[in-house]
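Undergrad: What shape does this take:
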Amino acid sequence: MAAYREQVSVTGVGFDIACGNAAIRTNLKRDDLDDLNAIADTIHQNLSFGIGRKNTMPDAPVDHPLFESDAWNALPGNVREELREKARSQLGTIGSGNHYVDVFEDETGTIWVGVHFGSRGFGHTVASGFLALAQGAKWGARVPEREALLDLDSDLGSRYWALMVLAGEYAYAGREWVARKVVEMLGGEELELVHNHHNFAWREVHGGEELIVVRKGATPAWPGQKSFVGGSMGDDSVILQGTVDADPIVRDRQERAMFSTIHGAGRVMSRTQAAGRRRRNGDVIKEGAISPQMMKSWLAERNIILRGGGLDESPHVYRRLDKVIEQQLGTVEVLHRLKPLIVVMAGADEFDPYKD
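TA: Model prediction:
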């Protein structure tokens, strides 16, 4: 997280612009769900997980109003329509890596649906393009990943900001479509939506000064603002909010953190450390720290149904969320604990260049 005066950091926001978490509280209880394995199969078979996928559902949101936004004009003319059509086809796809669709049960037995993903190929292309332009290269050129601070009163900065905001609208639309589609698959109704970005920049006032606040992997947590924060495929997640009516010490911590909190538990080992390295033919180059049996045993102990997912996303590679929340030192409060019943992710061998 960082703050700037009328500047925005392309690398600070990152390549998965507007990656975020959304959760829906439904009118369903655990006893309303009969065959969890069948539900997991329905989610996995009908939604689009993995690289370069298109949303093939008949009600895919291809006519969303965001595709008529003037912000598309901020793109170079020679790539505008191609990228718009790519974005149209990918809206409502989940991707791979640590992106997921989960079905949860809270402490009252109420069913929630949670999703985590971002702006897909659209956001990645925008970030890559402006990183190149900031280094004097052409759109589409591969350049080193290094800091690119853009003045918002410049042509480049204003164009990037317009497209970053559009990527945020795109990510919000995709997550809400997916979460609502899963609620529909469950036969439920939406009672509450909790939704936030964690790779984004906001114009905010702090200490009496207007600043551009970039949160990479961090979620806004103003007093009373709710967020859905994921654990891992084998741990509880939470609905939390920025602490309301905090005492002066906690309020000072909130202010120094610019009213931000975590978006997840955080990794303790890299993907390669966890899963090892293999050649394309399957030959092992280096063994990983996590075995399939370790992951299966963890999930079986908690009766969690998994579709997809690889060893690099095993619960073993993440911190325990409760311990991470403790480090927030009272700046947030947990409203609901969400126990995973079903976790659906891309397959273990899916590569996705758009993951965060």
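Undergrad: what separates stretch 251-258 from the chain centre, distance-wise?
TA: The chain centre lies 24 Å from the centre of stretch 251-258; the measure is C-alpha atoms, centre = their mean, to the nearest Å.
Undergrad: Number the chain from 10, please
TA: Sure thing, new numbering starts at 10, so read that last one as stretch 260-267.
Undergrad: List the contacts of it.
TA: For stretch 260-267, the surrounding residues in contact (C-beta atoms under 8 Å, 6 or more residues apart in numbering) are 10, 12, 213, 215-216, 222, 230, 232, 251-252, 255, 338-340. Yep, even glycine has a C-beta here, placed from its N, CA and C like the rest.
Undergrad: so what's residue 106 scoring on pLDDT?
TA: According to the prediction, residue 106 has pLDDT 89.
Undergrad: Residue 193 and residue 224, how far apart?
TA: Applying C-beta to C-beta, to the nearest Å, the value for residue 193 to residue 224 is 31 Å.
Undergrad: And the two? Which one has more around it.
TA: residue 224 (24 against 13; other C-beta atoms under 10 Å).
Undergrad: element containing that one, please.
TA: Residue 224 belongs to strand 218-225 when assigned by DSSP states H and E.
Undergrad: on contacts alone, who are the packing partners of that strand?
TA: In terms of contacts (3 or more C-beta pairs under 8 Å, 6 or more residues apart in numbering; DSSP states H and E), strand 218-225 is packed against strand 11-13, strand 16-18, helix 19-22, strand 208-215.
Undergrad: Tabulate these (a markdown table), appending mean neighbour count and distance to residue 174.
TA: As requested, these are arranged in a markdown table below (neighbours: other C-beta atoms under 10 Å; distance: least, C-beta to C-beta, whole Å):
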| stretch | mean neighbour count | distance to residue 174 |
| --- | --- | --- |
| strand 11-13 | 16 | 16 |
| strand 16-18 | 19 | 11 |
| helix 19-22 | 23 | 11 |
| strand 208-215 | 18 | 9 |
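Undergrad: need those in CSV with mean pLDDT and distance to residue 179, can you?
TA: Converted to CSV, the helices and strands packed on strand 218-225 look like this (pLDDT from 0 to 100; distance: least, C-beta to C-beta, whole Å):
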stretch, mean pLDDT, distance to residue 179
strand 11-13, 97, 24
strand 16-18, 98, 18
helix 19-22, 97, 14
strand 208-215, 98, 12
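Undergrad: Which among these is found nearest to residue 39?
TA: In terms of C-beta to C-beta, the element of the helices and strands packed on strand 218-225 nearest to residue 39 is strand 208-215, at 32.7 Å.
Undergrad: Give me the contacts around the closest one.
TA: 12, 17-18, 21-23, 25-29, 127, 170, 173, 177, 219-226, 229, 264, 267, 365.
Undergrad: now the host helix or strand of residue 248: how far from the chain's centre is it?
TA: Under the criterion of DSSP H and E, residue 248 resides in strand 246-251. Here strand 246-251 is found 15 Å from its chain centre; the criterion is C-alpha atoms, centre = their mean.
Undergrad: What mean pLDDT does it get?
TA: Computed over strand 246-251, the mean pLDDT rounds to 98.
Undergrad: Stretch 77-92 now?
TA: 97.
Undergrad: any idea how far residue 217 lies from residue 232?
TA: Distance of residue 217 to residue 232, given as C-beta to C-beta: 18 Å.
Undergrad: So for those two, which sits in the more crowded spot?
TA: Just comparing residue 217 and residue 232: by other C-beta under 10 Å the higher neighbour count belongs to residue 232, 16 against 5.
Undergrad: Would you confirm that the more buried one contacts residue 253?
TA: Yes: at 4.8 Å, residue 232 counts as touching residue 253 under the criterion of C-beta atoms under 8 Å.
Undergrad: picking that back up, not counting its own residues, what contacts the strand holding residue 248?
TA: For strand 246-251, contacts defined as C-beta under 8 Å, 6+ apart pick out 32, 111, 113, 115, 121, 123, 203, 230-240, 263, 268, 270, 330, 334, 340-347, 349.
Undergrad: and the helix or strand that comes right after it, which residues are buried?
TA: Next along the chain after strand 246-251, taking DSSP H and E as the criterion, comes helix 257-265. Burial within helix 257-265, assessed by neighbour count using 16 or more other C-beta atoms under 10 Å, is assigned to 259, 263.
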